[in-house]
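> have a look; sequence and predicted model below, questions after that.
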Amino acid sequence: MKKLLPVFALFVVTHAFSQGQFQMESVGSLTFVSGHVKQLAAAIPAEKYAYKPQDGVRSIAEVCAHIISANYFFGSKLGAKIPTDVKMETIEKDLKTKDVIEKELTRSYEVLISAIKNTKDASLSSKVEFPFPGEFTNMTTILISLGHSNEHLGQLIAYARMNNVTPPWSETK
């Protein structure tokens with residue numbers, strides 16, 4: 001029995017430290033990409049927020065509003081409470097000015113990151129209903145949220161460069 005106690009203790013400690021590993025790594029990745037999204041939103045001049053490379057695609061402001069809306073959507077699927085002043089039905093139409101968009105980007109990422117942090121390992125495989133076909137879980141929701149932010153960061157980088165704005169993290173000094 002004395003020989004089993006250290007083995008059991010090691011198992012318990014290892015198991016405890018592995019709890020939340022996926023969430024911690026996801027939060028790290030999302031924190032990184034959200035930092036880039038927010039830096040780029042700040043670097044783009046307000047008068048360029050209406051820019052779109054062609055008809056039929058989102059403007060810079062609309063891309064940012066879409067990111068914000070998606071952050072709240074994914075956060076809500078993970079159990080987060082959306083701020084009462086956020087109107088999910090019209091958020092992408094309501095957010096137009098640089099100042100409002102920058103504040104809301106920060107707040108929406110805080111909601112999503114908190115939701116990911118608070119997702120328990122035991123609930124990662126819990127089913128989540130999305131408004132499009134497929135089977136989804138809490139883990140899928142986290143993975144999609146990461147991909148979504150990265151996808152639209154790339155779009156914003158392209159839009160910024162088309163407007164002679166260099167992403168702040170890639171400027172040479």
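Great, that's in hand.
> just the CA trace of stretch 81-98, in CSV.
Output in CSV follows, covering the C-alpha atoms of stretch 81-98 (Å, rounded to 0.1, in the frame of the first residue of the first chain):
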residue,chain,number,x,y,z
LYS,A,81,-23.9,36.3,-20.5
ILE,A,82,-23.9,38.9,-23.3
PRO,A,83,-23.9,42.5,-22.0
THR,A,84,-27.5,43.8,-21.8
ASP,A,85,-26.8,46.7,-24.0
VAL,A,86,-25.7,44.5,-26.9
LYS,A,87,-28.4,43.9,-29.5
MET,A,88,-27.3,40.7,-31.3
GLU,A,89,-29.9,41.1,-34.0
THR,A,90,-28.5,44.5,-35.2
ILE,A,91,-25.0,44.6,-33.9
GLU,A,92,-23.3,44.4,-37.3
LYS,A,93,-25.5,47.3,-38.5
ASP,A,94,-25.2,49.4,-35.3
LEU,A,95,-21.4,49.5,-35.0
LYS,A,96,-20.0,52.0,-37.4
THR,A,97,-17.5,54.4,-35.8
LYS,A,98,-13.9,53.6,-35.0
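> which residues are in contact with that stretch?
Outside stretch 81-98, the residues that touch it by C-beta atoms under 8 Å, 6 or more residues apart in numbering are 41, 44, 46, 49, 61-62, 64-66, 68-69, 72-73, 75-76, 101, 104, 107, 111. Bear in mind the C-beta positions are built from the backbone N, C-alpha and C, glycine included.
> now it: buried residues?
For stretch 81-98, a neighbour-count test (16 or more other C-beta atoms under 10 Å) marks I82, V86, I91, E92, L95, K98 as buried.
> since we're on V33, how many residues are nearby?
V33 has 20 neighbouring residues, counting by other C-beta atoms under 10 Å.
> show me what contacts it?
Listed by C-beta under 8 Å, 6+ apart, the contact set of V33 reads L146, S149, N150, L153.
> no further queries at this time; thank you.
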